[in-house]
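Enquirer: Sharing a model that was predicted from the sequence below.
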Amino acid sequence: MSLNSVVESVTARVIERSKVSRRRYLALMERNREKGVSRPRLACGNLAHAIAAAGADKPDLMRPLDKNIGMITTYNDMLSAHQPYGHYPDQIKLFAREAGATAQVAGGAPAMCDGVTQGQEGMELSLFSRDVIAMSTAVGLSHGMFNSVALLGVCDKIVPGLLMGALRFGHLPTMLIPAGPMTSGLPNKEKLKIRQLFVEGKVGKEKLMEAENASYHGPGTCTFYGTANTNQMIVEIMGLMMPDSAFIPTNTPLRQAMTRASIHRLAEISINGDDERSLAKCVDEKAIVNAAIGLLATGGSTNLTIHLPAIARAAGIVFDWEDFSRLSAEVPLITHVYPNGSEDVNAFNRVGGMPTVISELIDADLLHTDILTISRGGMKDYTQRASLSEDGKSVVYNPSKPSSDPNILRGIKEPFSSDGGIKLLEGNIGRAIYKSSAIKEKHLTVEAPARVFIDQKDVATAYQNGELERDVVVVVRFQGPEANGMPELHKLTPALGVLQDRGFNVALITDGRMSGASGKVPAAVHVVPEAQDGGPIAKIKDGDIVRVCAVTGRIEVLADPHEWEARKPAQPPLPALGTGREMFALMRSVHLSAERGASAMIELMEKDLDAVGDNIQ
Ligand SMILES: O=C(O)[C@H](O)[C@@H](O)[C@H](O)[C@H](O)COP(=O)(O)O
Ligand code: SF4
């Protein structure tokens, strides 16, 4: 059968739009490979420093053509998802030696836990920490010692940042090494119920703390389908990790066997390996379109509508919200994982997981199957289910099966909805992203008077004072990348959820973000242009009748057009200081748009790339 015509046409549009930037990107990667810093081209002094502490690996590292894996690790104890990485480097060195290679930690990158900073000042550093991660990745790889790269990262800004940095060294074969989900604890729906009881004053802090600890109870990725697990999904569907490796639970024999298999494979695909596969060639327009299709089919985090365009641009590819919107109309939603459903990613993995999703999408001609992946057999390998060999030391693959639970994962012919979970809304307020997959049908259209805020804490106060006990469109503005770093406003979910449960029509509009774990309450997020940029969201006044409609794709103030046109935007508040926020003024000072990926690094990098043009030396 031939590929779906909409997928075909969106891909052609992306290729056409990216022609010049992609050509220049590949030329630069060729330059990196042929003339860039590498072990054979290091001076003796450089090399001696790099291997001084390498111990038994030193003789191998002295041989310039041997295979050396560079690890970028984002280990810390703040993210339960990254805590397992603490013991990965030593394991990876062992696995590399088994494959006739060596491995060194090239460098580390910071990782913020958005769960720790949610609702706190640190959340205003979150989005731009992605650029810091990308640049930290470049610092590590700039040592030039490596024939391939192992990226150790899972969560929100970390995987996008690692890929954005590694793509600037795209001549190097690269693989993401996942660490896997935490075992299931208190169900997410239960946790939200107790949070709502807490904001209603019906349970105390002790009960809430008990519930939170029962939910987040051990090492591994939080088990809702938020940004972290959406990252894992897109990296797997792009073929940048071993097949069926994203959702193997952390600290299990199969997880360790999969890490071993990953490193053995990485040695094979490395420069000087027998099957070289560079990151630059793997991440092409078709792989980016496949990632967008995976996001839509699984109802993933809205944050990927910012991260995927940024990752694409790091590879010279221009992907935008129109592309998402066109694909969304064509790609059915086939999974219901919290916040889109009741079950978590462990249940999703048990009933079929990524191999079943990929099989369903390929069978429906909704995925490009002719992309270069790190797995030798290409996309068909990603329809295979991984399991532990008899001796418990290696991974064996078998054909995947259809889902064993249609409440969590369905066949493409009987989807949860005929279109993907993400919509583009437009109107006199601007353009916004809306995740419909987690919203009940009756809430898809909300028309109510606006109540305008510039700080999420003021929303909580207004709720506590009973000022929101009505149909209301809550507008929280000056939350965009240039204003305050574009924080997630996920802490608003319990209070707005209580209002919705009481029967009020409630919606949120913001130029900020929501968490991938946010659901239930209709939210038009990432509004562009942002208020800080004088966007019309800055013109909304308390009492304006606002309509947020995912059915018609509209987001608008129902005001007299002349009066609306004549309105002056509200003035921006003073910048916030403290918790390091003033350090990020550098990033916020760049003219950024969420739709273009909101990366200060890429906005400024492209100025250099344009200045050099085709004169790459
Ligand atoms: O985008 C995301 O998926 C979120 O940032 C996620 O990483 C964060 O962990 C949630 O905010 C935690 O959920 P709770 O705040 O509900 O615990
Ligand atoms: S999923 Fe979110 S809360 Fe959980 S470890 Fe990752 S960043 Fe932290």
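Expert: It's in. Numbering: from 1, shown residues only. Ligands and ions are numbered 1, 2, ... in the order given.
Enquirer: In contact with the closest residue to residue 323 other than its chain neighbours, which residues are there?
Expert: Sequence neighbours aside, residue 10 is the residue nearest to residue 323 in space, at 5.2 Å (criterion: CB to CB, 6 or more residues apart in numbering). From N, CA and C alone the C-beta is placed, and that goes for glycine too. Under the criterion of CB atoms under 8 Å, 6 or more residues apart in numbering, the neighbours of residue 10 are 289, 323, 326, 327.
Enquirer: Max pairwise distance over these: which two?
Expert: Checking the contacts of residue 10 against each other with CB to CB, the farthest-apart pair comes out as 289 and 326, at 10.4 Å.
Enquirer: Between the two, tell me which one has more neighbours.
Expert: Between residue 289 and residue 326, counting by other CB atoms under 10 Å, residue 289 is the more crowded of the two (28 against 17).
Enquirer: So that one: helix, strand or coil?
Expert: For residue 289, the secondary structure call by DSSP: H, G, I helix; E, B strand; the rest coil comes out as helix.
Enquirer: Residues of this structure that sit close to ligand 1?
Expert: Applying CB under 6 Å from any ligand atom, one finds that the chain approaches ligand 1 through 114-115, 118, 155-156, 222, 226-228, 301, 303, 488, 490, 515-517.
Enquirer: Restricted to helices, list those residues.
Expert: When helices are assigned by DSSP state H, the members of those inside them are 114, 115, 227, 228.
Enquirer: how many other residues sit next to the third one?
Expert: Meaning residue 227. Applying other CB under 10 Å, I find that residue 227 has 28 neighbouring residues.
Enquirer: Equivalent analysis for the first one, please.
Expert: For residue 114, the number of neighbouring residues by other CB under 10 Å comes to 27.
Enquirer: so it makes contact with residue 123?
Expert: Yes - with contact defined as CB atoms under 8 Å, residue 114 counts as touching residue 123 (6.9 Å).
Enquirer: Pick out the residue in this structure sitting closest to ligand 1.
Expert: Scanning the chain for the residue nearest ligand 1 gives residue 226, at 2.4 Å (criterion: CB to the nearest ligand atom).
Enquirer: Show the contacting residues for the closest residue to that residue other than its chain neighbours.
Expert: Leaving aside its sequence neighbours, residue 226 sits nearest to residue 516 (CB to CB, 6+ apart; 3.2 Å). Contact analysis of residue 516 by CB under 8 Å, 6+ apart lists 156, 224, 225, 226, 227, 228, 229, 230, 300, 301, 302, 303.
Enquirer: Can you give me the distance of residue 89 to residue 70?
Expert: To residue 70, residue 89 is 11 Å away according to CB to CB, to the nearest Å.
Enquirer: Need the residues touching each of those two.
Expert: In contact with both residue 89 and residue 70: 103, 105, using CB under 8 Å, 6+ apart.
Enquirer: neighbour count winner among these two?
Expert: Under the neighbour definition other CB under 10 Å, residue 89 and residue 70 were set side by side, and residue 70 has more, 26 against 18.
Enquirer: separation between the more buried one and residue 461?
Expert: Residue 70 sits 49 Å away from residue 461 when distances are taken as CB to CB.
Enquirer: now swap in residue 491 and tell me
Expert: In this structure, residue 491 and residue 461 are separated by 13 Å, where distance is defined by CB to CB.
Enquirer: same thing with residue 18?
Expert: From residue 18 to residue 461 the distance is 46 Å (CB to CB).
Enquirer: cool, and residue 477?
Expert: The separation that residue 477 has from residue 461, given CB to CB, amounts to 17 Å.
Enquirer: Could you check which of the two has the larger neighbour count?
Expert: Each of residue 477 and residue 461 had its neighbours counted (other CB under 10 Å), and the higher figure belongs to residue 477 (28 against 11).
Enquirer: Wait, residue 604 touches residue 591, no?
Expert: No - contact criterion CB under 8 Å: residue 604 and residue 591 do not qualify, at 10.0 Å.
Enquirer: who has more neighbours, these two?
Expert: The neighbour comparison of residue 604 against residue 591 (other CB under 10 Å) goes to residue 604, with 13 against 10.
Enquirer: show me what contacts the more buried one?
Expert: Each residue near residue 604 by CB under 8 Å, 6+ apart is listed here: residue 590.
Enquirer: Likewise for residue 502?
Expert: Neighbouring residues of residue 502 by CB under 8 Å, 6+ apart: residue 469.
Enquirer: repeat that with 10 Å
Expert: With contact set as CB atoms under 10 Å, 6 or more residues apart in numbering, residue 502 has these partners: 200, 469, 470.
Enquirer: Give me the neighbour count for the second one.
Expert: Other residues within reach of residue 469, judged by other CB under 10 Å, total 12.
Enquirer: you'd agree it is in a helix?
Expert: No - when classified by three-state DSSP, residue 469 is found to be coil rather than part of a helix.
Enquirer: isn't it right up against residue 499?
Expert: Yes - under the contact definition of CB atoms under 10 Å, residue 469 touches residue 499, with a separation of 7.1 Å.
Enquirer: Common neighbours of these two, please.
Expert: Contact criterion CB under 10 Å, 6+ apart; residues shared by residue 469 and residue 499: residue 463.
Enquirer: Residue 106 sits in which helix or strand?
Expert: With elements delineated by DSSP states H and E, residue 106 resides in strand 102-108, which encompasses its position.
Enquirer: Alpha carbons of that strand, in PDB - could you do that?
Expert: Only the C-alpha atoms of strand 102-108 are listed here, as PDB (Å, rounded to 0.1, in the frame of the first residue of the first chain):
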ATOM      1  CA  THR A 102      35.900   1.900  25.000                       C
ATOM      2  CA  ALA A 103      33.600   4.500  26.700                       C
ATOM      3  CA  GLN A 104      34.300   7.700  28.500                       C
ATOM      4  CA  VAL A 105      32.000  10.300  30.100                       C
ATOM      5  CA  ALA A 106      32.400  13.200  27.700                       C
ATOM      6  CA  GLY A 107      30.600  15.500  30.000                       C
ATOM      7  CA  GLY A 108      27.500  16.200  32.000                       C
END
